[in-house]
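Q: okay, predicted coordinates and the sequence, questions at the end:
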Amino acid sequence: MSASPIFSSAAMGRPFIFSPPSSPPRSTAEVLAAVGAISKLAVVVPASRLDVRPAPEMVSSGIPQLDSLTGGLARGCLTEICGTASSGRTSVLLFALARATQRGEVCALVDASDAFDPASAAAAGMEMSRLLWVRCGEKYPSRKHPSPARKAGCAKTDTSRIIPSRDSYQGMPSGIPPVAEKRFGFSRWESQLGQMLKVTDLLLQSNGFGMIVLDLGDVPVPSARRIPLASWFRFRRAIEHTPTTLLVLEQQPIAGSCSSVLVKVSGARSQVSENPLPHSKLPHSELLDQFEITAELLCSRLERNSERKPVQSTASFKSRAAWAG
């Protein structure tokens, strides 16, 4: 072995001796082959091969057209359904919960604005005994006027008993001027969204629900956007390796990169009945029989396959009223 003395002025005249490499550098393939030959490192997967993730398990949403568009609802992932009023959000909610309860799964609905109708859910085929309905913002119910949830047979939770006060919850940001709270109602929605975040944390940590739905459809967009992004990251990590499906309904996308699938729904056309209900005292009235819903796939972070349609694809389906037969 030979050595070559190298002198540098910065080294105060002291020589540095560098030995030449004994063998030429190996290529990446040779290094991976040498590492794979070691028994203890045989199960280690290189980082360059981690770009392809296994596809999550998909379950039916109860709407065949929506399943053909998105592949279904992914377990262990967050799915967003956004749209304006009368766009078909509630129809997707009812069909998804009905299909999940028919599979024998226990589901939970976190109703931020108390807009859930048990009669419509029962007409959609939902098994109410497998549904936990959480009504955010409700005070202690009166004994003279029991909640309609008890009449329908589904379990109901009063969040005012288990959720701390707004001052003790640190998840929602603060600093709204008092004038804005009085004019736009931020104080009311901040309290209800604080309850929603707290109870959703409790439900996700329980690991006993097949589907958890967050209905934020009637929450104003400025109030919904005040939900911290850290809360959505926490929700996604809580269900990442569980069989739970997290479905969020809202007016505009708010979860950002935390959602795996983002679908926008819109009501295209409506059909009203020419003849009103029999024995009606208002012969000039009209009833909504059905309306056509268009669903558009805006974003999908799931693994693509040959059967799944690309982003920006659309699908249409119809929602019929119970009296339309």
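A: Here it is on my side, so go on.
Q: tell me the helices and strands packed up against the strand or helix carrying L249.
A: Secondary structure from DSSP states H and E places L249 in strand 245-250. Applying 3 or more Cβ pairs under 8 Å, 6 or more residues apart in numbering; DSSP states H and E, one finds that strand 245-250 contacts strand 73-74, strand 78-82, helix 89-102, strand 211-215. In this view, the C-beta of every residue, glycine as well, is placed from N, C-alpha and C.
Q: among those, which comes closest to G125?
A: helix 89-102 (4.4 Å; Cβ to Cβ).
Q: compute the inter-axis angle for the closest one and strand 78-82.
A: Between helix 89-102 and strand 78-82, the angle comes out at 150 degrees (axes from the mean of the first three to the mean of the last three Cα atoms, to 10 degrees).
Q: mind listing residues that contact helix 89-102?
A: For helix 89-102, contacts defined as Cβ atoms under 8 Å, 6 or more residues apart in numbering pick out 59-63, 66, 73, 81-83, 107, 109, 115, 120-121, 124-127, 130-131, 210-211, 213, 215, 217, 245, 247, 249, 265, 293, 319.
Q: flag every buried residue along the helix or strand containing Q195.
A: Using DSSP H and E, Q195 sits within helix 186-206. Judged by neighbour count (16 or more other Cβ atoms under 10 Å), helix 186-206 contains these buried residues: 186, 189-200, 203-204.
Q: and the contacts of the strand or helix carrying F317?
A: Using DSSP H and E, F317 maps to strand 314-320. Identification of contacts with strand 314-320 by Cβ under 8 Å, 6+ apart yields 63-66, 68-69, 88, 91, 268, 289-297.
Q: buried only: go through the residues you listed for me.
A: By 16+ other Cβ under 10 Å, the contacts of strand 314-320 give 63, 66, 69, 88, 91, 289, 291, 293-297 as buried.
Q: ok, G267 touching I293?
A: Yes - contact criterion Cβ atoms under 8 Å: G267 and I293 qualify, at 6.0 Å.
Q: so which residues of the stretch 151-300 of the chain form helices?
A: 159-162, 178-184, 186-206, 221-224, 229-238 (DSSP state H, counting those that start in this stretch).
Q: low-scoring stretches of the chain, by residue?
A: Counting by pLDDT under 70, the ranges of the chain that qualify are 1-26, 41-54, 137-188, 269-289, 303-312, 320-325.
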